[in-house]
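Asker: predicted model and sequence follow; I will ask about them next.
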Amino acid sequence: MKRLFALLLLAAFSMTHLTACNTMAGAGKDVQKVGEKVEEKAEDCKDAKC
């Protein structure tokens, strides 16, 4: 019984941990895209003297 409980606990922890990693990776990509857009806008304003 203890072994079954330990395996279930390990499976639950693994699933939540892996899901969190994927979520953080997606958030990182979103932040990177926003940063690229800000850089592009800054370059446009620098060239056009906004």
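Answerer: Done, it's in.
Asker: all contacts plus neighbour counts: C-alpha atoms, from now on.
Answerer: OK.
Asker: how much space between the most centrally placed residue in the chain and L9?
Answerer: The residue lying closest to the centre of the chain (Cα atoms, centre = their mean) is M24, at 2.3 Å. Going from M24 to L9 by Cα to Cα, to the nearest Å gives 23 Å.
Asker: what's the answer for D47, then?
Answerer: In terms of Cα to Cα, D47 sits 57 Å off from L9.
Asker: do R3 as well
Answerer: R3 is 10 Å from L9, by Cα to Cα.
Asker: over to T16?
Answerer: Distance, T16 to L9, by Cα to Cα: 11 Å.
Asker: please apply the same query to M15.
Answerer: 10 Å.
Asker: ok, now L18?
Answerer: For L18, the distance to L9 - Cα to Cα - is 14 Å.
Asker: K41 too?
Answerer: According to Cα to Cα, K41 stands 48 Å off from L9.
Asker: can you show me the helices along this structure?
Answerer: 2-48 (DSSP state H).
Asker: show me where pLDDT drops low in it?
Answerer: 49-50 (pLDDT under 70).
Asker: one more time with 90
Answerer: 1-31, 34-35, 37-50 (pLDDT under 90).
Asker: mutual contacts of T16 and L9, please.
Answerer: Residues touching both T16 and L9 (Cα atoms under 8 Å, 6 or more residues apart in numbering): there are none.
Asker: what count of nearby residues applies to A25?
Answerer: Using other Cα atoms under 10 Å, A25 has 12 neighbouring residues.
Asker: cool, A42 as well?
Answerer: With other Cα under 10 Å as criterion, A42 counts 14.
Asker: which residues touch A11?
Answerer: Applying Cα under 8 Å, 6+ apart, no residues contact A11.
Asker: what about it, distance to N22?
Answerer: From A11 to N22 the distance is 17 Å (Cα to Cα).
Asker: ok, D47 next?
Answerer: The spacing between D47 and N22, counted by Cα to Cα, is 38 Å.
Asker: ok, A48 next?
Answerer: With distances taken as Cα to Cα, A48 is found 39 Å from N22.
Asker: thank you kindly, that will do.
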